[in-house]
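Chemist: Take a look and give me a structure for this.
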Amino acid sequence: MTPEEFRSAAHELVDWIADYRASVGDRPVRSEVAPGWVRGELAGPPPEMPVGLDALLTDLSDVVVPGVTQTQSPGYFAWFPANAALESVLGDIAASGLGALGITWQSAPALTEMEEVVTDWLRELCGLSDEWYGAIHDTASTACLVAMLVARERATDLSEDRGGLQAEPAPLVVYASTQAHSSVSKAVLLAGFGRDNLRLVPVDSVTLAMDPDALRRLMAEDAAAGRRPAAVVASLGTTGTTAFDPVEEIVAIAAEHGAWVHVDAAMAGSAMMLPECRWLFAGVEGADSFGWNPHKWMGTILDCSLLYVRDVQMLVRVLSTNPSYLRSASDGEVTQFKDWGIPLGRRFRSLKLWFHLRLAGADSIRDRLRRDLAHAQWLAGQVAAQPDWEVCAPVPLQTVCVRHVPDGMDDAALDRHQQEWAERVNATGRAFVTPALVEGRWLVRLSIGAEATERADVKALWALCRESAGDGAVLG
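Modeler: Predicted structure coming up:
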């Protein structure tokens, strides 16, 4: 494809994207295709000859779009906000068009130095001190794994230079809340600690945040038994209920054992852009690493996850690699992001943030976050006002956890009822919500935060929930 052919095709593709976004609210929110349907529609021998762009766009519309859950729809209330602001889409296009090779500073100085700029911007916007240094990863799962690798090596005084964990005289233990994201357990396993050395700390029955007294007790028991507490993962904005673990207390307890503290704020980190929400993050400055995802609530298109650390030298010492073919005269003077994470090569992800922040502006992003917080408080008030409904957890951010609890049902029947009415909501195609099992009971999460969602959409969701649960109400 020549540049001129690309110009023509790109105009058509951008028009298609714009039309898709303009009509996304008219489509069923949850993908309803059967397993194997997309593969069946697209399967066949590999193309030996080119086809026209029209044929590709037809397949995009007729096959791909039905096979995608519409996370940009105003009726999307599932999992977590997965916004893809069009400002950041432009940055993603620019990054792909440049095709920069991000392996060292020398391979793309702009890629490295723009990443330094935008991670500093986000640090400042979140009110973090200049003791933090950031890099962009693909997801919080990878960021957590990197943190666990560094925690492991600090706890063992760089066992990677000797026999690794296999040669250590005592097992290392990691602690996380029972409500921590599943990626935390995966990171602990991949970092070699072993499932037997992961302690899931009980949570407070009301806040569903980690119980610091339980953490202190577990760490003391492990230390007394000859095990070494190595790391604690504090969750700020847990997946199930957006609970906030008490970081300040966790940091103090971990310090008694010299344990690394990683803060996982994958979705909730966006709230740090709001000064009035920063009290929720009290104690973060005492942690060792902090991760959050602009590609969730803030809205920079996937994949864009930030990991901040305070001890960059330790990070680089653990993860650096320096083959002869990558050495240059600039070594020692510049940041080499290849030494800050797992992959050698990296995309020009900072362009997405650069475009997003410059074209949208932080003020407009903050306004949207505040809008979502107000929607959640409105919805929580509506739920609490109804006798057969309950709000099941505090609502610090944009997620409202609810249950419909009509008389005459035992616990097992109530659990089935939550899953059934949630499925009835989803089957309408007008909204998509997710049930979740939290501390032994099923509830339904109403996660507000899609960029297109306005108060009318939240009101429509509440009416649909009541109708699907069969409470018989007629809403005005």
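Chemist: does residue 333 count as helix, strand or coil?
Modeler: In three-state terms, and counting by DSSP: H, G, I helix; E, B strand; the rest coil, residue 333 is coil.
Chemist: Neighbours of it, how many?
Modeler: For residue 333, the count of nearby residues is 8 (other CB atoms under 10 Å). C-beta here means a position set from N, CA and C on the backbone, and glycine is covered the same way.
Chemist: could you pull out the helices for the stretch 151-300 of the chain?
Modeler: Counting by DSSP state H, counting those that start in this stretch, the segments of the stretch 151-300 of the chain that form helices are 182-190, 212-224, 247-255.
Chemist: Just send these back as a markdown table, with mean pLDDT and mean neighbour count too.
Modeler: Output for these, formatted as a markdown table (pLDDT from 0 to 100; neighbours: other CB atoms under 10 Å):
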| stretch | mean pLDDT | mean neighbour count |
| --- | --- | --- |
| helix 182-190 | 95 | 19 |
| helix 212-224 | 98 | 17 |
| helix 247-255 | 98 | 20 |
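Chemist: With adjacent residues omitted, what lies nearest to the most centrally placed residue in the chain?
Modeler: Most central in the chain under CA atoms, centre = their mean is residue 266, positioned 3.9 Å from the mean C-alpha point. In space, not counting the residues next to it along the chain, residue 266 is nearest to residue 140; the distance is 3.8 Å by CB to CB, 6 or more residues apart in numbering.
Chemist: Now do the contacts for the one you found.
Modeler: Contact analysis of residue 140 by CB atoms under 8 Å, 6 or more residues apart in numbering lists 181, 183, 264, 266, 291, 292, 293, 305.
Chemist: tell me the contacts of the fifth one?
Modeler: To tie it back to what came earlier, the one meant is residue 291. With contacts defined as CB under 8 Å, 6+ apart, residue 291 is in contact with 137, 140, 143-144, 147, 262-266, 269, 305-308.
Chemist: can you tell me which of these lies nearest to residue 466?
Modeler: residue 266 (30.9 Å; CB to CB).
Chemist: Please verify my assumption that that closest one contacts residue 295.
Modeler: No: because the distance of 9.4 Å does not satisfy CB atoms under 8 Å, residue 266 is recorded as not touching residue 295.
Chemist: For the two, list the residues in contact with both.
Modeler: Taking CB under 8 Å, 6+ apart as the contact criterion, the common neighbours of residue 266 and residue 295 are residue 305.
Chemist: mind checking the SS state of residue 450?
Modeler: Taking three-state DSSP as the rule, one finds residue 450 in the coil state.
Chemist: what about it, how many residues close to it?
Modeler: Counted with other CB under 10 Å, residues neighbouring residue 450 total 27.
Chemist: Could you tell me which residues make contact with it?
Modeler: 71, 72, 73, 74, 75, 76, 77, 81, 83.
Chemist: what's the distance between the residue nearest to residue 368 when sequence neighbours are not counted and residue 24?
Modeler: Spatial nearest neighbour of residue 368, excluding adjacent residues (CB to CB, 6+ apart): residue 451 at 6.8 Å. For residue 451, the distance to residue 24 equals 10 Å [CB to CB, to the nearest Å].
Chemist: what does residue 185 give?
Modeler: As defined by CB to CB, residue 185 lies at a distance of 34 Å from residue 24.
Chemist: And the chain, split by domain according to the record?
Modeler: Each domain of the chain is listed here as a residue range: 3-68, 94-360, 362-469, per automatic domain parsing.
Chemist: need those in JSON lines with distance to residue 87, can you?
Modeler: Putting those into JSON lines (distance: least, CB to CB, whole Å) gives the following:
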{"stretch": "domain 3-68", "distance to residue 87": "12"}
{"stretch": "domain 94-360", "distance to residue 87": "4"}
{"stretch": "domain 362-469", "distance to residue 87": "10"}
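Chemist: closest to residue 88 out of the ones you listed?
Modeler: domain 94-360 (3.9 Å).
Chemist: what distance separates the start and the end of that closest one?
Modeler: For domain 94-360, the first-to-last residue distance is 16 Å (CA to CA, to the nearest Å).
Chemist: Figure out how far it is from the centre of its chain.
Modeler: Average the C-alpha atoms of domain 94-360, do the same for its chain, and the two points are 12 Å apart (CA atoms, centre = their mean, to the nearest Å).
Chemist: Phi and psi next, for residue 316.
Modeler: Main-chain dihedrals, residue 316, degrees, to the nearest 10: phi -70, psi -40.
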